[in-house]
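Asker: Dropping a prediction and its sequence here:
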Amino acid sequence: MRKLLAILVLALACTSTKPVPPSAPTVRRSIVSNGQRVGFSVVTWNADGTITNTVDIHDNGRGPHADAVLRLAPDGTIASLDATGHTELNAPVDEHFSVRNGRASWNSREEHGEKDLTGPAYFIPNSATDSDAFLVAALRKNGGTLQLLPGGTARIENVGDATVQVAGKEIHLVAQAITGVSFTPNYVWTRDDGSFFAEVAPGFWFGEEGAESAEDALTKRQEEIRRARDKRVADRLGRKEPAAGFALTHARVLDIEKGAWLPDQTVLISGGTIRGLGRDLRPPAGAEVIDLQGKALLPGLWDMHAHLGPADGALDIASGVTSARDVGNRSELLDDFHKRFDEGTAVGPHVYRAGFIEGRGKDSAHAEVTATTADEARAAVEFFAKRGYEMIKIYNSMDPELVPILTREAHARGMGVTGHIPCHMLANEAVRAGYDGVEHINQLLLNFFADHQTDTRTPLRFSLVGEKAADFDLRSAPARQFYALLREHKTVVDPTYTTFEPVYIGEQGKVMPGWVATVQRLPAQAQRYFLTGGLPLEGKKELYARSWEQMLRVARVLKDEDVTVVAGTDFLAGVSLHRELELLVHGGFSPVEALRAATVVPARVMRSSDRTGSIAAGKAADLVVVDGDPLASISDVRRTVMTFRSGVLYPSKELYETVGVAPW
């Protein structure tokens with residue numbers, strides 16, 4: 001739900017010792033998602049030397065807007081910036097940056113600071129300005145390396161090229177990889193003179209208006225570059241079994257069903273499978289013996305609400321997440337992850353796929369697969385069934401009348417159904433119409449706070465719950481009737497608490513207390529995301545905080561009512577699953593109940609418990625070594641040492657380093 005938005009970009013010619021504008025005083029860029037325009041950027045070079053930049057995005061009922069005025073220094077870095085507007089969830093933006101007499105200062109609702117500069121430095125705005133292309137130009141003028149403000153270092157490297165057709169003309173373009181800004185390289189396509197052309201991803205375009213036809217060719221070439229990098233990481237860090245397998249000795253094995261430790265165990269792994277475990281097992285001749293010295297050995301963890309991206313495979317495995325259910329992605333990207341993770345040519349979990357199906361309209365998510373008629377609904381299900389998907393996911397703008405058709409078609413093909421509750425429909429109606437699961441705690445609670453006229457395609461689907469949940473009686477008669485319905489239909493609830501924590505209690509300029517230790521481990525620029533906050537809190541901070549505590553109690557109540565609850569995140573891969581478990585415990589789960597919600601329970605839900613979810617002979621060797629006791633303190637689950645994915649060993653420290661994350 002709250003995936004990091006792509007940092008937007010613009011073109012800038014930089015060939016002299018002073019910044020000079022392009023030939024046209026105004027440059028327009030389009031932002032396209034799955035073939036539909038969702039936003040734009042306009043950049044204008046003014047006679048007084050300033051540059052104005054307006055960015056506007058509207059997708060899935062929300063999006064950021066910024067109006068910025070910039071000046072560039074002679075070296076291409078930003079000399080000053082003033083930006084106003086609003087964030088993705090409509091919190092105000094008021095950001096300022098300047099360099100005077102060698103001292104940089106910045107101030108916004110999210111952060112403020114000062115620094116004496118000893119050399120060139122580039123400030124990356126928090127607001128939705130077109131920063132990457134300015135950065136490309138500045139890097140080229142400064143030898144390919146620049147200090148970043150407030151922190152980090154950016155580097156640029158030419159990693160490939162492509163020739164594309166635009167308006168009947170061939171254009172040669174260069175792929176530039178910028179590292180130090182995010183977890184993995186940002187790829188930017190430039191013309192031969194170094195000026196910005198576009199940024200792309202599967203189903204996404206930000207670039208020169210009128211050149212959108214180049215998206216597919218550039219994306220294909222870029223994915224080749226990305227796959228080659230992924231393979232280098234997998235080959236370097238994935239330690240495959242010797243012929244006689246691995247023998248893990250002196251392991252403290254978690255019996256997840258009993259909720260107890262089995263001390264001093266030997267676990268034998270070969271062929272990607274657990275061959276045996278016990279106190280008295282002897283490693284076979286030729287096995288590689290790994291002495292765990294009493295460290296905890298847990299079943300590999302599950303994230304039941306993922307949207308996989310380029311950094312997520314490494315983040316998941318380093319964090320002990322060996323299975324992930326992706327509930328909304330571009331099909332060719334998701335299918336590629338599924339294939340390469342299984343092949344071992346990229347690092348990542350076992351992938352379970354739910355095909356994303358949306359309606360159409362101005363507040364819809366601009367999805368790859370949409371349906372507004374019965375025939376389109378049938379075709380949408382068939383699209384994913386042919387690809388072997390386990391489920392479909394129904395989204396906000398779907399016509400409620402099509403829901404029974406979608407669920408019937410999916411069930412006829414052996415597929416499950418989960419999702420949001422469509423606008424003008426309530427959760428109890430969706431369950432009766434065939435939903436097997438409900439995603440997100442707010443979607444569940446809207447059953448009590450929304451009606452058939454409520455427009456839940458907008459941020460109202462968050463704010464309404466924030467206003468009403470605090471005083472809602474979770475044990476009231478209507479609530480119990482709803483729980484009985486969920487129990488009767490064996491409905492699975494995936495609260496995804498981590499994605500809502502910043503929505504309801506995130507304050508601009510403050511890292512949420514439960515995230516401080518983790519955020520300190522992230523790349524410097526990624527840390528800034530945790531300062532952006534969520535819903536506007538003016539006049540509602542205390543109310544939203546009380547509602548949040550009530551939301552956290554819902555999972556405990558559901559469990560008491562014998563409703564299945566699983567752990568999913570919809571947030572930063574890997575490390576946020578650890579936080580999800582903490583939040584489940586905060587709301588009333590015991591540590592072992594939280595761990596079950598991320599191991600054996602999702603394995604059962606996804607019909608995979610015969611091969612994963614617990615540690616037993618004959619099951620897949622999906623395991624995580626933890627230096628601590630998560631049954632005593634659930635937070636110890638963060639202290640991952642190594643992860644086995646189908647018997648391949650990945651060291652957590654080194655794998656985290658490939659995405660710029662420090663180990664615990």
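Answerer: Noted; the coordinates are in hand.

Asker: what about the helices in the stretch 401-550 of the chain?
Answerer: Counting by DSSP state H, counting those that start in this stretch, the stretch 401-550 of the chain has helices at residues 403-412, 427-432, 441-449, 460-468, 477-488, 497-505, 516-519, 524-527, 541-560.

Asker: of those helices, which approaches residue 261 most closely?
Answerer: helix 541-560 (22.7 Å; Cβ to Cβ). Every residue, glycine included, has its C-beta placed from N, CA and C.

Asker: Give the other helices and strands that the helix or strand just after that closest one contacts.
Answerer: Sequence-wise, the next helix or strand downstream of helix 541-560 (DSSP states H and E) is strand 564-565. Judged by 3 or more Cβ pairs under 8 Å, 6 or more residues apart in numbering; DSSP states H and E, strand 564-565 is in contact with strand 492-494, helix 541-560, helix 600-605.

Asker: now the angle from the very next helix or strand once past strand 564-565 to helix 497-505?
Answerer: Next in sequence after strand 564-565, counting helices and strands by DSSP H and E, comes helix 575-586. For helix 575-586 against helix 497-505, the angle by axes from the mean of the first three to the mean of the last three Cα atoms, to 10 degrees is 70 degrees.

Asker: any weak-confidence spans in the stretch 1-150 of the chain?
Answerer: Scanning the stretch 1-150 of the chain for pLDDT under 70 picks out the ranges 1-24.

Asker: got it, and the chain?
Answerer: Checking the chain against pLDDT under 70 turns up 1-24.

Asker: ok, longest strand in it?
Answerer: strand 153-166 (DSSP state E).

Asker: Which strands or helices does the next helix or strand along the chain from it pack on?
Answerer: Following strand 153-166 in sequence order, the next helix or strand is strand 169-179 (DSSP H and E). Contact partners of strand 169-179 among helices and strands, from 3+ Cβ pairs under 8 Å, 6+ apart: helix 131-141, strand 153-166, strand 186-191, helix 215-237.

Asker: ok, and what's touching strand 169-179?
Answerer: Contact with strand 169-179 is made by 132, 135-136, 139, 154-165, 185-192, 194, 197, 214, 218, 221-222, 225, as judged by Cβ atoms under 8 Å, 6 or more residues apart in numbering.

Asker: of those, buried ones?
Answerer: Buried subset of the contacts of strand 169-179 (neighbour count, 16 or more other Cβ atoms under 10 Å): 132, 135-136, 139, 154, 156, 159-160, 162, 164, 185-190, 194, 197, 214, 218, 221-222, 225.

Asker: Would you mind finding the most buried of the helices and strands packed on strand 564-565?
Answerer: Counting by mean count of other Cβ atoms under 10 Å, strand 492-494 has the highest mean neighbour count of the helices and strands packed on strand 564-565, with a mean of 26.

Asker: Tell me how many other residues surround residue 74.
Answerer: Neighbourhood size, residue 74 [other Cβ atoms under 10 Å]: 11.

Asker: now residue 637
Answerer: 28.

Asker: go on, residue 477?
Answerer: Counted with other Cβ under 10 Å, residue 477 comes out at 8.

Asker: Same check on the one 3 residues further on?
Answerer: Under the neighbour criterion other Cβ under 10 Å, residue 480 is assigned a count of 14.

Asker: Would you mind confirming that it is in contact with residue 561?
Answerer: Yes - at 7.5 Å, residue 480 and residue 561 qualify as touching, with contact defined as Cβ atoms under 8 Å.

Asker: which residues do those two both contact?
Answerer: Counting by Cβ under 8 Å, 6+ apart, no residue touches both residue 480 and residue 561.

Asker: Report the separation between residue 132 and residue 366.
Answerer: To residue 366, residue 132 is 22 Å away according to Cβ to Cβ, to the nearest Å.

Asker: Spatially nearest residue to residue 225, not counting backbone neighbours?
Answerer: Nearest non-adjacent residue to residue 225, counting by Cβ to Cβ, 6 or more residues apart in numbering: residue 160, 5.0 Å away.

Asker: Would you check that that neighbour makes contact with residue 223?
Answerer: No - at 11.0 Å, residue 160 and residue 223 do not qualify as touching, with contact defined as Cβ under 8 Å.

Asker: Excluding residues flanking it in the chain, which one is nearest residue 64?
Answerer: Computed as Cβ to Cβ, 6+ apart, the closest residue to residue 64 that is not its neighbour in sequence is residue 128, at 4.1 Å.

Asker: ok, so what distance separates the one you found from residue 203?
Answerer: In terms of Cβ to Cβ, residue 128 sits 20 Å off from residue 203.

Asker: neighbour-wise, which of the two wins?
Answerer: Using other Cβ under 10 Å as the criterion, residue 128 and residue 203 rank with residue 128 on top: 29 against 20.

Asker: Residue 247: what's it in contact with?
Answerer: Residue 247 touches 266-269, 281, 283-284, 287-290, counting by Cβ under 8 Å, 6+ apart.

Asker: hmm, try it at 10 Å
Answerer: By Cβ atoms under 10 Å, 6 or more residues apart in numbering, the contact set of residue 247 is 266-270, 275-276, 281-284, 286-291.

Asker: List the buried residues of the one helix or strand it maps to.
Answerer: For residue 247, the enclosing helix or strand under DSSP H and E is strand 246-255. For strand 246-255, a neighbour-count test (16+ other Cβ under 10 Å) marks 246-249, 251-254 as buried.

Asker: so how far is it off the chain centroid?
Answerer: Relative to its chain's centre, strand 246-255 lies at 32 Å (Cα atoms, centre = their mean, to the nearest Å).

Asker: swap in stretch 604-621?
Answerer: 25 Å.

Asker: So residue 236 sits against residue 314, correct?
Answerer: No - taking Cβ atoms under 10 Å as the definition, residue 236 is not a contact partner of residue 314, at 11.6 Å.

Asker: Cool, thanks, signing off.
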